[in-house]
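1. test case, fold it:
(chains A, B, C and D)
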There are 2 protein chains.
Amino acid sequence: MEFSKEILKGILETLILYVISQGPKHGYLVARTIGKMTDGKIEIQDGTLYPILHRLEKKGLITGSWVETGQTRKRKEYTLTQQGKEMLKEQAGQWQTLSEILTQVVEEVL
Amino acid sequence: MEFSKEILKGILETLILYVISQGPKHGYLVARTIGKMTDGKIEIQDGTLYPILHRLEKKGLITGSWVETGQTRKRKEYTLTQQGKEMLKEQAGQWQTLSEILTQVVEEVL
DNA sequence: GTATTATGCATTGTATAGCTATGTATAGAA
DNA sequence: TTCTATACATAGCTATACAATGCATAATAC
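-> Below is the predicted model:
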């Protein structure tokens, strides 16, 4: 993890919703996808990943179903629900505002 | 507070360092300055503000000194230290990266 | 032949950040 | 006279991300 521990709080949930919105994924694949799209800057740990997935499922934002692959062990594949889609849009709106604030500071400091 | 509770974790410390870097400020003024620069989107609560200031002082990133104003009650005015300046630059670098990730998602979702 | 890495899910305990509520204190406006 | 703004501070709560640990299998490296 390149980022400081605390900067990511509240960010990861939305990032996970986003990658699942681009197509159903099981947990392990979610983490690897985020790793790739951030050039390894965000490598979600197991102890972070699975609790978040359970949380999102409990909130009704994603639904999980066990899939037999025959090759590896069983995977739990998650899909975004309608509620999840709405939440993602709402969060993206907040990110837009947040991003503007961050950029303003970055431009003056760097 | 317009933002969801968790999205700000790890953001406020840096934002506070930033406004103090633009000129020494006492706590209350720090909060109001951030309120103005974010159009009221970030209104830091007392119970959040003062613990952060104490934390930053303990870390040596800012130094505080009591100032008698004669008008209102005593103010504790904070100034950024050299260490604070370095930390701010480091954090700004992380924000740049973070901002790029947020923007990428925002553009595809909205 | 054995050890390590990658895949894949899960839980327990810990540290920490921001919030609410509360307390102290004064000045000006309604 | 009551409410709002100024100004600082702390105790207790909740939630998030992390490290550590455990289970289980397949492929690759040595």
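2. does stretch A:78-98 come close to DNA strand C?
-> No - Stretch A:78-98 lies apart from DNA strand C when judged by CB under 7 Å from any atom of the strand; the minimum separation is 8.2 Å. Backbone N, C-alpha and C define where each C-beta goes, glycine included.
3. gap between that stretch and the chain center?
-> How far stretch A:78-98 lies from its chain's middle: 11 Å, per CA atoms, centre = their mean, to the nearest Å.
4. does it reach chain B?
-> Yes - for stretch A:78-98 and chain B, the contact criterion (CB under 8 Å from any CB of the partner chain) is met by A:88, A:89, A:91, A:92, A:93, A:94, A:95, A:96, A:97, A:98.
5. find the helix or strand that residue A:20 is a member of.
-> For residue A:20, the host element (DSSP states H and E) is helix A:12-21.
6. so which elements touch that helix?
-> helix A:27-37, helix A:46-58, strand A:75-80, helix A:82-109, helix B:82-109 (3 or more CB pairs under 8 Å, 6 or more residues apart in numbering or on different chains; DSSP states H and E).
7. at 6 Å instead, please
-> Packing contacts for helix A:12-21, counted by 3 or more CB pairs under 6 Å, 6 or more residues apart in numbering or on different chains; DSSP states H and E, involve helix A:27-37, strand A:75-80, helix A:82-109.
8. could the ones you listed be laid out in JSON lines, adding mean neighbour count?
-> JSON lines is the format used below for the helices and strands packed on helix A:12-21 (neighbours: other CB atoms under 10 Å in any protein chain shown):
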{"stretch": "helix A:27-37", "mean neighbour count": "17"}
{"stretch": "strand A:75-80", "mean neighbour count": "19"}
{"stretch": "helix A:82-109", "mean neighbour count": "17"}
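9. which residues of chain A lie near DNA strand C?
-> So far as CB under 7 Å from any atom of the strand goes, chain A lies against DNA strand C at A:6, A:9, A:26-29, A:32, A:46-47, A:50-51, A:53-54, A:69, A:71-77.
10. switch the cut-off to 6 Å
-> Contacts of chain A with DNA strand C, taken as CB under 6 Å from any atom of the strand, map to A:6, A:26-29, A:46-47, A:50-51, A:54, A:72-73, A:75-76.
11. average pLDDT for the helix holding residue A:20?
-> The average pLDDT for helix A:12-21 rounds to 97.
12. repeat for stretch A:39-55
-> Taken as a whole, stretch A:39-55 has an average pLDDT of 95.
13. hmm, who's touching that stretch?
-> The contact list for stretch A:39-55 (CB atoms under 6 Å, 6 or more residues apart in numbering or on different chains) reads A:1, A:2, A:13, A:16, A:27, A:31, A:34, A:35.
14. ok, of those, which one's closest to DNA strand D?
-> residue A:1 (4.3 Å; CB to the nearest atom of the strand).
15. any idea which residue sits dead centre in chain A?
-> In chain A, the residue lying closest to the centroid (CA atoms, centre = their mean) is residue A:16, at 1.4 Å.
16. pull the contacting residues for that residue.
-> Residues in contact with residue A:16 (CB under 6 Å, 6+ apart) are A:30, A:52.
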